[in-house]
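> Need a 3D model of the sequence below.
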Amino acid sequence: MSSAQVTDAAKPETNWSQFVTSSKAKHRGATYRPWTFTEHGALMAANVLRSPRALEMSVYVVRAFVKQREAHVSNAFILKRLAEINKTRIEHDSALQMMWRKLQPLLAPPPEMPRRKIGFHAGNR
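A predicted model of the protein is given here:
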């Protein structure tokens, strides 16, 4: 067996160029279909496909992206507001705990005063 034959046998089955195709690990390779569409991909498909159904579907997809973006922005606003409320609640909790510690001695019943014993006591004259 010559060295040329060994080299040919050691080559991988697929003939990929490392400079042209993406890596399988990071970008799933050129032979894989994408799992999702992007908003820009839907617009590009609408420019290529000129049928009324294709245009209708691309408009539908773009509107879905717009709604999703609006929902994301509103969720981000809600999460920010909840964080502010939580911070305020923590501040109020600490202030209420401090007030409770200061009021606790005032709410306790007063200590009993020592009472005079009734009767004759030899040492009280």
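
> Tell me which other helices or strands the top helix by length along the chain touches.
Assignment by DSSP state H gives helix 52-107 as the longest helix of the chain. With contacts taken as 3 or more C-beta pairs under 8 Å, 6 or more residues apart in numbering; DSSP states H and E, helix 52-107 sits against helix 39-48. Just so you know, the C-beta spots here come from the backbone N, C-alpha and C atoms, and that holds for glycine as well.

> quick one: low-confidence ranges for this structure?
1-37, 123-125 (pLDDT under 70).

> Next, count neighbours for Met113.
6 (other C-beta atoms under 10 Å).

> so it is in which element?
In the assignment (DSSP states H and E), Met113 maps to no helix and no strand.

> quick one, phi psi at it?
phi -80, psi 140 (degrees, to the nearest 10).

> Roughly how far does His72 sit from Phe65?
10 Å (C-beta to C-beta, to the nearest Å).

> Those two: which is more packed in?
Phe65 (15 against 10).

> you'd agree the more buried one is up against Ala42?
Yes: using C-beta atoms under 8 Å, Phe65 makes contact with Ala42 at a distance of 7.3 Å.
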